[in-house]
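Colleague: Sequence first, then the predicted structure:
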Amino acid sequence: MQRHETIDHLDAVIRDRVDSGRSEGIAAGMIFAGADTHVVAHGDAGGGRRLDADSVFEIGSITKLFTGTLLAAMAHNGEVQLSDPVASLLPAGVSVPALKRRQITLEDLATHSSGLPRDPTTLGPGSTANPYSDYSADALYEFLAGHELAREPGSRVEYSNLATGLLGHALALRAGTTYGELVRERILQPLGMTSTAVTPSAQMDARAAIGHDARGRPIPAWLWGKSTLAGAGALRSTIGDMLRFAAANLDDEGSPLQRAMAAAQAPQKRMSLGMRVGLNWHVLGSGDRTLLLHSGATGGFFSSIGIRPAHQTAIVVLSNSRRDSVEDIALHYLHPRIRLTPAPKQRKAITLAPEVLDSYAGEYDLAGTIVRVTRAPEGLSVHVPGEPEDLLYPESRTRFFFKEMNAQVRMKRDLRRRVSGAVLHQDGVTVAVRKVS
């Protein structure tokens, strides 16, 4: 498509997503070759306000790109090396798990190959609507001291909020400051990103979009100001600021910061079929077809950023809703052959006997996170640490679906007909889940 056709199509897609109820609101921005930009915003920001280019969103795990960039920049400056054990940056006496004498390095943390779980089991009993708000350094150190690795660091890639949060904490300690100040001094100020922060200013709060959960209900913002894991998902930002970040990532011959960004993009490890991981960037394809992508989610927001270096194009999509992912939008406009995700089809729930539902109850290992499943009056209740409870509705004896999000689950049994696990299909991604009890 030509530039004007792309703009018209993007505008129409954003409006359709919102007007059809798939999202409360979406703001999207594109960078075209030649540094020309386009921004579209549509939907409800809350409090009678409409979304616009200055609306502030929680960007969730896109924060990890800033943490990876910090690592690359500090390595370029000689403050750290990628091969440094993370234990060498932590206070004396803090014990970090190792296996076969292989210590967890900074590179392991940034490439999700540390062997640490997705989240610490010691997040605590705080509100599930704000799971990371008060996670202290003492709680982190206690978890690390008691955790045993199941595999050698560096041997396999598995996504981990804990790992990137630990990395951000360790880099801040080395720099003698907080994570929020470190990212402000090293990245935000040099790029002129005045509407991005861990702890938002009063002016940012006045422009903050209200997040909505998967059921469309307004929910409080996630607060990370006191969290040791801020490097995993704490930042809030606007479309304008995120386009500045994307533009800097397209220029690998500029400032030392931009050279560090290029280093962070370089693939380090194989993540899955067709996907590699840099210092937190997800790298799809190769050569002129290389796409760099990362998406994020908090309790009430979805976000996605992608760049296509060979074409000098980039896109950022921010949504104040957990109803529907926006990653497919980013992928489609970077590579039009990747299709947009159609609206979820209407599914009909059936009634299953209590004993059938009881057979599925138990604990499941979802990429290192233990998920608890219990019987509910209409199906199954799913309890993920740090997240609100969700309901699974049966559409057959083995297949279930979520009403509030585009996700389905197929239960699996072994040769003895015992429930052995499940397969989760969500937003085009398939994940195997193992039943552990």
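Modeller: Sure, I can see it.

Colleague: Which pLDDT value goes with Gly386?
Modeller: Gly386 carries a pLDDT value of 65.

Colleague: repeat for Pro342
Modeller: Value for Pro342, per-residue pLDDT: 88.

Colleague: Please apply the same query to Gly60.
Modeller: Gly60 is assigned a pLDDT of 96 by the prediction.

Colleague: okay, now it: neighbour count?
Modeller: Neighbourhood size, Gly60 [other CB atoms under 10 Å]: 25. Just so you know, the C-beta spots here come from the backbone N, C-alpha and C atoms, and that holds for glycine as well.

Colleague: ok, it touching Gly300?
Modeller: No. Judged on CB atoms under 8 Å, Gly60 makes no contact with Gly300 at a distance of 10.0 Å.

Colleague: in this protein, which spans are helices?
Modeller: Assigned helices in the chain, in chain order: 3-19, 63-76, 106-110, 137-146, 161-175, 179-183, 189-191, 202-206, 239-250, 256-265, 327-334, 354-360 (criterion: DSSP state H).

Colleague: Now for this protein: which strand has the highest residue count?
Modeller: The residue-count maximum for a strand in the chain (DSSP state E) belongs to strand 37-46.

Colleague: quick one, domains of the chain?
Modeller: As recorded under automatic domain parsing, the domains making up the chain are 3-334, 354-435.

Colleague: who wins for proximity to Pro344 among these?
Modeller: Nearest of these to Pro344, taken as CB to CB: domain 354-435 at 4.3 Å.

Colleague: does Gly299 really touch Gly211, like I thought?
Modeller: Yes. Proximity of Gly299 to Gly211 meets the contact threshold set by CB under 8 Å, at 6.3 Å.

Colleague: where do the contact lists of those two overlap?
Modeller: Shared between the contact lists of Gly299 and Gly211 (criterion: CB atoms under 8 Å, 6 or more residues apart in numbering) are residues 219, 322.

Colleague: Looking at these two now, which is surrounded by more residues?
Modeller: Gly211 (26 against 23).

Colleague: Just give the nearest non-adjacent residue to the more buried one, would you?
Modeller: Gly300 (2.0 Å; CB to CB, 6 or more residues apart in numbering).

Colleague: swap in Phe302?
Modeller: Ser319 (4.5 Å).

Colleague: What residues are bridge-paired with that neighbour?
Modeller: Ile26, Phe302 (DSSP bridges).

Colleague: Which residues are in contact with the residue nearest to Ala266 when sequence neighbours are not counted?
Modeller: Nearest residue to Ala266 in three dimensions, chain neighbours excluded: Gly278, at 5.4 Å (CB to CB, 6+ apart). Shown in contact with Gly278 (CB under 8 Å, 6+ apart): 68, 111, 264-268, 292.

Colleague: Met193 now?
Modeller: Per CB under 8 Å, 6+ apart, neighbours of Met193: 187, 237, 241, 244-245.

Colleague: Most neighbours out of the residues you listed, which is it?
Modeller: Going by other CB under 10 Å, Ser237 tops the contacts of Met193 with 27 neighbours.

Colleague: any idea how far that residue lies from Ala209?
Modeller: As judged by CB to CB, to the nearest Å, Ser237 and Ala209 stand 11 Å apart.

Colleague: and for these two, which residues touch both?
Modeller: 56-57.

Colleague: Val436 contacts Gly368, correct?
Modeller: No. Using CB under 8 Å, Val436 is not in contact with Gly368, being 11.3 Å away.

Colleague: Comparing those two, which shows the higher neighbour count?
Modeller: Of the pair Val436 and Gly368, Gly368 is the one with more neighbours under other CB under 10 Å, namely 16 against 11.

Colleague: quick one: low-confidence parts of the stretch 1-150 of the chain?
Modeller: Low-confidence segments of the stretch 1-150 of the chain (pLDDT under 70): 124-129.

Colleague: circling back: with just CA atoms, put the longest strand of the chain into PDB.
Modeller: Below are the C-alpha coordinates for strand 37-46, written out as PDB (Å, rounded to 0.1, in the frame of the first residue of the first chain):
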ATOM      1  CA  THR A  37       4.900  10.400  11.100                       C
ATOM      2  CA  HIS A  38       1.200   9.800  11.400                       C
ATOM      3  CA  VAL A  39      -0.900   9.500  14.700                       C
ATOM      4  CA  VAL A  40      -4.500   8.400  15.200                       C
ATOM      5  CA  ALA A  41      -6.400   8.200  18.500                       C
ATOM      6  CA  HIS A  42      -9.900   7.100  19.000                       C
ATOM      7  CA  GLY A  43     -12.000   6.200  22.100                       C
ATOM      8  CA  ASP A  44     -12.700   7.000  25.700                       C
ATOM      9  CA  ALA A  45      -9.800   8.200  28.000                       C
ATOM     10  CA  GLY A  46     -12.100   8.300  31.000                       C
END
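
Colleague: For that strand, which outside residues touch it?
Modeller: Applying CB under 8 Å, 6+ apart, the contact partners of strand 37-46 are 7, 10-11, 14-15, 18-19, 23-32, 50-53, 55, 209-210, 218, 239-240, 243, 320.

Colleague: quick one: that strand to helix 3-19, angle?
Modeller: With axes from the mean of the first three to the mean of the last three CA atoms, to 10 degrees applied, the angle from strand 37-46 to helix 3-19 works out at 10 degrees.

Colleague: Direction included, what does strand 37-46 pair against?
Modeller: For strand 37-46, the pairing partners within the sheet under DSSP bridges are strand 25-31 (antiparallel), strand 49-50 (antiparallel).

Colleague: so His152 makes contact with Arg102?
Modeller: Heads up, residue 152 is Glu, not His. Yes. Applying CB under 8 Å, one finds Glu152 in contact with Arg102, separated by 5.0 Å.

Colleague: how much space between Asp362 and Thr341?
Modeller: Asp isn't right for residue 362; it's Gly. Taking CB to CB, one finds Gly362 at 31 Å from Thr341.

Colleague: Look at these two and report which has more neighbours.
Modeller: Remark: of Gly362 and Thr341, Thr341 carries more neighbours, 18 against 14, as counted by other CB under 10 Å.

Colleague: Quick check on the more buried one: phi, psi?
Modeller: Note on Thr341: backbone dihedrals following degrees, to the nearest 10 are phi -70, psi 120.

Colleague: Make 8 the first number, not 1, from now on.
Modeller: Shifting the count to begin at 8 puts that one at Thr348.
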